[in-house]
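K.L.:
build me a model from this:
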Amino acid sequence: MSGKILAFGADGLVGSRFTDLYHKETPTITPTIDELDITDKKAFFDFFEKNQSQFHSVINFAAITDVDGAEKERGDEKGLTWEVNVGGVENIAEACKKFDKYFIQISTDFVFPGDEGDPGPYPEDKKPPETPEGIGWYGWTKRMAEERARKIWDKTAILRITYPYRALYPVKIDFARNILMFFDEGKLYPMFSDQNMTPSFIDEIAKVLYLLIEEKKTGIFHAASSDVTTPYEFASYLLEAARGAKDVVKKGSMEAFLAAPGRTPRPRLGGLKVEKTEKELDIKFMTWRQAVDEFVGQLN
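P.N.:
Now for the predicted structure:
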């Protein structure tokens, strides 16, 4: 693949692994937020104007992902979460349209309610709800970003991921390493046994991104485990594989957790199906157990 990629938020959990794995094949320009803020429209378009010849594709990893923090801004379209997750994405899509650049926006299964009335795992062509009812503000901003990016620019792909994790990233603890950390400290809390999820191993996310860019595919794609698990099942398997610890995880209830006053809505019956993505990109996602084995092998 010739030419470079422009990536926002590439120093984060997912973006940094993509650049680690594929920088030789896809050299990446990775401005930090201090160098280029996606919410500053004038500076943003000036950057594209000056540097457009240097890259052919754009990936946006940048987002406000603090789910509970975002909920404090619920309904506020002038708040930081909306400004970054929706306004910033609109700026990127408009610039990509003006300068004819292929665009990938990273999204999430939090765009769906994941409840009894509308349970997952969700296929790529499942339409998210039209109102934010039953969805956290973070999920709603990501859902609006998906819709607006695709409306603005037809050379756009949406890649949804869920509970991403990877080995060896010191800056931020992810879903899997959080479990290991709390176990090592003797503070492991009960894990939900009534939550459906399809965790995303970041090495597989990176591979999907590479293939999307190579083939300039548009539409909605998913990167996740090929089968469903629960946090309880995932933690039990992970701790046995990584620490040799059996029967150390206690069961918790997400239904009870979400029923407490003031809780942020989250998908309890969530997750993503990957069949369409597998078919379109001619790949096969690992089962969640295979991905955990790979993760543990990298840790060791």
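
K.L.:
so residue 141: helix, strand or coil?
P.N.:
helix (DSSP: H, G, I helix; E, B strand; the rest coil).

K.L.:
strands along the stretch 51-200 of the chain, start to end?
P.N.:
Secondary structure of the stretch 51-200 of the chain (DSSP state E, counting those that start in this stretch): strands at 55-60, 102-108, 156-161, 164-165, 191-192, 200-201.

K.L.:
what's the closest of these to residue 298?
P.N.:
strand 200-201 (10.0 Å; C-beta to C-beta). To be clear about C-beta, it is placed using only N, CA and C from the backbone, and glycine gets the same treatment.

K.L.:
what's the average pLDDT for that closest one?
P.N.:
Strand 200-201 shows a mean pLDDT of 98.

K.L.:
skip ahead from it and say which helix or strand is next.
P.N.:
helix 202-215 (DSSP states H and E).

K.L.:
just name the most buried of the strands of the stretch 51-200 of the chain.
P.N.:
strand 200-201 (a mean of 30; mean count of other C-beta atoms under 10 Å).

K.L.:
now for that strand, which elements pack on it?
P.N.:
Helices and strands touching strand 200-201, by 3 or more C-beta pairs under 8 Å, 6 or more residues apart in numbering; DSSP states H and E, are strand 164-165, helix 288-299.

K.L.:
mind putting the strands of the stretch 51-200 of the chain into JSON lines with distance to residue 176?
P.N.:
Converted to JSON lines, those look like this (distance: least, C-beta to C-beta, whole Å):
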{"stretch": "strand 55-60", "distance to residue 176": "23"}
{"stretch": "strand 102-108", "distance to residue 176": "17"}
{"stretch": "strand 156-161", "distance to residue 176": "14"}
{"stretch": "strand 164-165", "distance to residue 176": "4"}
{"stretch": "strand 191-192", "distance to residue 176": "12"}
{"stretch": "strand 200-201", "distance to residue 176": "9"}
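
K.L.:
nearest to residue 261, of the ones you listed?
P.N.:
Using C-beta to C-beta, the strands of the stretch 51-200 of the chain put strand 191-192 closest to residue 261, at 18.7 Å.

K.L.:
so for residue 31, which of the helices and strands packed on strand 200-201 sits nearest?
P.N.:
Closest among the helices and strands packed on strand 200-201, using C-beta to C-beta: strand 164-165, at 21.9 Å.

K.L.:
contact partners for the residue lying closest to residue 69 once chain neighbours are set aside?
P.N.:
Leaving aside its sequence neighbours, residue 69 sits nearest to residue 81 (C-beta to C-beta, 6 or more residues apart in numbering; 7.6 Å). By C-beta atoms under 8 Å, 6 or more residues apart in numbering, the contact list for residue 81 reads 64, 69-70, 73, 137-138, 141.

K.L.:
now do 7 Å
P.N.:
Counting by C-beta atoms under 7 Å, 6 or more residues apart in numbering, residue 81 makes contact with 64, 70, 73, 137-138, 141.

K.L.:
gap between the residue nearest the centre of the chain and residue 102?
P.N.:
Among the residues of the chain, the one closest to the centroid is residue 161, at 3.9 Å (C-alpha atoms, centre = their mean). In this view, residue 161 and residue 102 are 19 Å apart by C-beta to C-beta, to the nearest Å.

K.L.:
how about the helices in the stretch 101-250 of the chain?
P.N.:
Taking DSSP state H, counting those that start in this stretch, the helices of the stretch 101-250 of the chain run over residues 137-152, 175-184, 202-215, 231-243.

K.L.:
most tightly surrounded among those?
P.N.:
helix 137-152 comes out most buried of these by mean count of other C-beta under 10 Å, with a mean of 23.

K.L.:
just to revisit the earlier point, can you add distance to residue 167 and give the helices of the stretch 101-250 of the chain back as JSON lines?
P.N.:
Shown next, in JSON lines, are these (distance: least, C-beta to C-beta, whole Å):
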{"stretch": "helix 137-152", "distance to residue 167": "26"}
{"stretch": "helix 175-184", "distance to residue 167": "8"}
{"stretch": "helix 202-215", "distance to residue 167": "9"}
{"stretch": "helix 231-243", "distance to residue 167": "10"}
